[in-house]
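Q: output the structure for:
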Amino acid sequence: MAKTAKKAKASVSVSQNNPKFSLWNFWVSGTLLKLLLIPGYFSTDFDVHRNWLAITNKLPLKLWYVEDTSQWTLDYPPFFAYFEWFLSQVVPKVVQKDGCLDIVKVGRFGMPTVIFQRLTVIASETLLYVVLQVFINKSEMTDRSANFVVASSIVLSPGFLIIDHIHFQYNGFLFAILIASIVAAKHQKYLQCALFFTIALCFKHIFLYLAPSFFVFLLRVYVLDFSNFKFRSYNDLISVVQWKNLLKLGGVVVTVFTACFAPFIAQWPQLLKRLFPFSRGLTHAYWAPNFWAIYSLLDKVLTLCVMKVPYVHRFLSQFIGPPLIPETLAEIQSRLQQYNGGTKGLVQDVSFVILPQVQPKLTFFLTLFYQVLALVPVLFSPSFKRFIGSLTLCGFASFLFGWHVHEKAIMLVIIPFSFLVTSDRRLLTPFLLAVSAGYVSLFPLLHSSQEFLLKILYTLVWSIVYSLALRQVTKISSSVQRRVFFFDRFALFYIIMLLPLVIGVQLLEALKWRYSVLQKFEFAGLMIYSIYCSIGILSSWVGLSWLYNFDEPLWM
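A: As a prediction, the model looks like this:
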């Protein structure tokens with residue numbers, strides 16, 4: 001009896017010291033919630049993916065990127081097209097009869113198609129839980145609690161709930177592949193890292209935003225070896241390259257790309273045109289909360305000032321000449337009549353009245369410039385922590401300065417940032433700014449008032465729970481900390497004010513149909529969301545950039 005009691009006591013002690021961190025309960029509860037959301041609102045993206053099912057099922061492979069009966073043409077890389085083809089093979093007959101696999105201009109379908117497609121999203125997202133559970137299980141015991149908080153914050157993310165399970169997309173399993181590459185990098189499985197990231201890239205080309213960071217990191221840790229390097233001549237640089245590793249790495253990448261794109265080599269120009277549609281303009285119908293949203297607002301404010309107060313134009317024209325500013329008020333009026341400033345709900349090219357027009361090459365240059373600033377430290381200190389920092393900043397640079405960025409791309413910032421935040425308390429403030437502003441910026445995706453309480457309550461609860469949980473598990477550096485009092489207080493005030501902003505915009509939308517004067521400002525709510533959220537995301541980027549570039553002990 002004494003021995004039995006002693007064993008039981010030891011077993012309890014071990015279980016207390018080594019608690020099991022399982023995502024199983026989150027998967028069950030999350031799946032139940034998502035099943036309840038099946039009959040709810042969905043966007044035009046639902047018909048996009050229904051049409052892709054039909055294209056890949058009914059047409060030969062050589063016509064996938066040519067078919068244009070519907071405006072929702074296939075514009076994802078071939079791996080995703082293969083994925084849609086696979087799903088189309090398991091469509092039940094009752095769903096086929098419902099019109100799921102019909103190639104038509106506008107989809108005509110009912111609840112069977114809705115149920116089937118919703119279930120495919122829920123099923124595919126299981127991969128996200130599996131990958132994050134592996135991430136937890138492979139963690140050091142001292143880090144397991146913090147990593148469990150990070151993993152659960154991702155699987156319960158308001159972003160995935162809003163984008164995938166209401167608005168409708170398949171980001172859950174796509175980000176699972178990206179996270180698998182991050183986990184492989186953490187455990188120094190560099191070929192696996194390259195494999196998973198290349199696969200992710202061949203599923204969704206938006207991951208190109210993060211490609212420079214992966215390229216530089218893998219090049220530095222796996223291909224270049226400076227441990228015994230002594231520079232005597234330029235020939236010595238050749239000895240730095242580990243050619244065997246370079247061939248392995250290149251072989252992995254080339255093999256994946258070949259499997260993806262080789263069947264479409266004859267359609268290469270059309271494929272590129274679909275993947276990179278620069279004709280869509282600088283900004284989306286709803287301005288993504290980035291630098292160009294503020295730029296667009298500034299142009300509207302200047303236009304209003306110039307038109308209402310002619311003396312402003314007379315004053316500005318003394319210092320700024322054409323083409324930076326129109327020469328006459330008549331020219332401004334002419335531009336204004338033809339103007340699409342991005343607040344008309346249209347997806348087309350955007351023209352500015354006062355400020356200079358923005359060309360794609362400028363956005364490319366700005367994005368590349370700020371990404372290079374994030375990549376240089378990785379060349380000198382290629383640690384995993386530096387890699388995640390550069391990955392997050394590459395996501396930031398692409399989101400803030402890229403061409404025709406969608407608001408959904410903020411997930412490319414939030415997910416890598418999540419793997420960084422627990423390493424130091426100083427990173428918590430910019431992280432909370434990014435997630436708060438980023439998730440609220442997704443609210444306009446859900447137009448129906450039925451989802452208003454769901455999105456606001458779910459995001460509010462998530463924010464409270466994980467801001468407290470992360471504060472508990474983030475490490476406090478023993479080094480001297482230079483706290484920025486104003487930035488912390490600004491962040492807290494900014495985050496608190498998001499709630500009255502959301503409620504105020506909702507009231508504005510509700511009163512719009514009662515008061516005709518409000519109908520003149522149909523897109524005022526979208527503009528408020530965009531501008532306020534862009535302030536938070538830009539502030540988060542500045543805060544992280546400062547720590548990344550000027551707080552060296554944090555990354556040691």
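Q: can you give me the strands for the chain?
A: Assigned by DSSP state E, the chain shows no strands.
Q: in it, what spans have low per-residue confidence?
A: Residue ranges of the chain with pLDDT under 70: 1-19, 227-237, 279, 307-350, 477-485, 515-521.
Q: switch to 80 and redo it
A: The model of the chain has pLDDT under 80 over residues 1-20, 226-239, 277-281, 284-286, 302-351, 353-355, 447-450, 476-486, 510-523, 556.
Q: any idea how many residues pack against L420?
A: Residues lying near L420 (other C-beta atoms under 10 Å) number 22. The way it works is simple: take the backbone N, C-alpha and C, and place the C-beta from them, glycine included.
Q: actually D98, not the one I wrote
A: By other C-beta under 10 Å, 20 other residues sit near D98.
Q: repeat for D225
A: D225 has 14 neighbouring residues, counting by other C-beta under 10 Å.
Q: quick one: it and V240 touch, right?
A: Yes: using C-beta atoms under 8 Å, D225 is in contact with V240, at 6.1 Å.
Q: name all residues that make contact with M556.
A: By C-beta atoms under 8 Å, 6 or more residues apart in numbering, no residues touch M556.
Q: likewise F387?
A: 185, 213, 217, 378.
Q: ditto for L210
A: Per C-beta under 8 Å, 6+ apart, neighbours of L210: 178, 197, 391, 394-395, 398, 412, 416.
Q: just the ones in helices from the residues you listed, please.
A: Among those, the members falling in helices (DSSP state H) are 178, 197, 391, 394-395, 398, 412, 416.
Q: by neighbours, which of those wins?
A: Result: L391 is most packed of those (other C-beta under 10 Å), 29 neighbours.
Q: list the contacts for that residue?
A: If a contact means C-beta under 8 Å, 6+ apart, then L391 has 182, 210, 213-214, 416 as its contacts.
Q: switch the cut-off to 7 Å
A: Counting by C-beta atoms under 7 Å, 6 or more residues apart in numbering, L391 makes contact with 210, 213, 416.
Q: distance to F443 added to these, as a markdown table?
A: Below are the contacts of L391 laid out as a markdown table (distance: C-beta to C-beta, whole Å):
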| residue | distance to F443 |
| --- | --- |
| L210 | 25 |
| S213 | 29 |
| P416 | 23 |
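Q: tell me which stretches of the stretch 451-556 of the chain form helices.
A: For the stretch 451-556 of the chain, applying DSSP state H, counting those that start in this stretch gives helices covering 452-473, 485-512, 516-519, 524-550.
Q: and those, which is most packed in?
A: With neighbours taken as mean count of other C-beta atoms under 10 Å, the helices of the stretch 451-556 of the chain reach their highest mean count in helix 524-550, at a mean of 20.
Q: tell me what it is packed against?
A: helix 291-308, helix 384-401, helix 428-440, helix 485-512 (3 or more C-beta pairs under 7 Å, 6 or more residues apart in numbering; DSSP states H and E).
Q: just name the closest of the contacts of F387 to L63, please.
A: S213 (36.0 Å; C-beta to C-beta).
Q: how much space separates the closest one from L375?
A: 7 Å (C-beta to C-beta, to the nearest Å).
Q: neighbour count winner among those two?
A: Between S213 and L375, counting by other C-beta under 10 Å, S213 is the more crowded of the two (25 against 20).
Q: any idea how far the closest residue to Q133 other than its chain neighbours lies from F276?
A: In this structure, Q133 finds its nearest non-sequential neighbour in L23, 5.2 Å apart by C-beta to C-beta, 6 or more residues apart in numbering. Here L23 is placed at a distance of 36 Å from F276 (C-beta to C-beta).
Q: now L161
A: When L161 is compared with F276 (using C-beta to C-beta), they lie 29 Å apart.
Q: of the two, give the one with the bigger neighbour count.
A: Using other C-beta under 10 Å as the criterion, L161 and F276 rank with L161 on top: 23 against 15.
Q: the more buried one reaches Y458, doesn't it?
A: Yes: L161 is within contact range of Y458, at 6.5 Å (criterion: C-beta atoms under 7 Å).
Q: that older thread, I'd like the helices and strands packed on helix 524-550 laid out as JSON lines, including distance to L101.
A: As requested, the helices and strands packed on helix 524-550 are arranged in JSON lines below (distance: least, C-beta to C-beta, whole Å):
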{"stretch": "helix 291-308", "distance to L101": "39"}
{"stretch": "helix 384-401", "distance to L101": "35"}
{"stretch": "helix 428-440", "distance to L101": "35"}
{"stretch": "helix 485-512", "distance to L101": "37"}
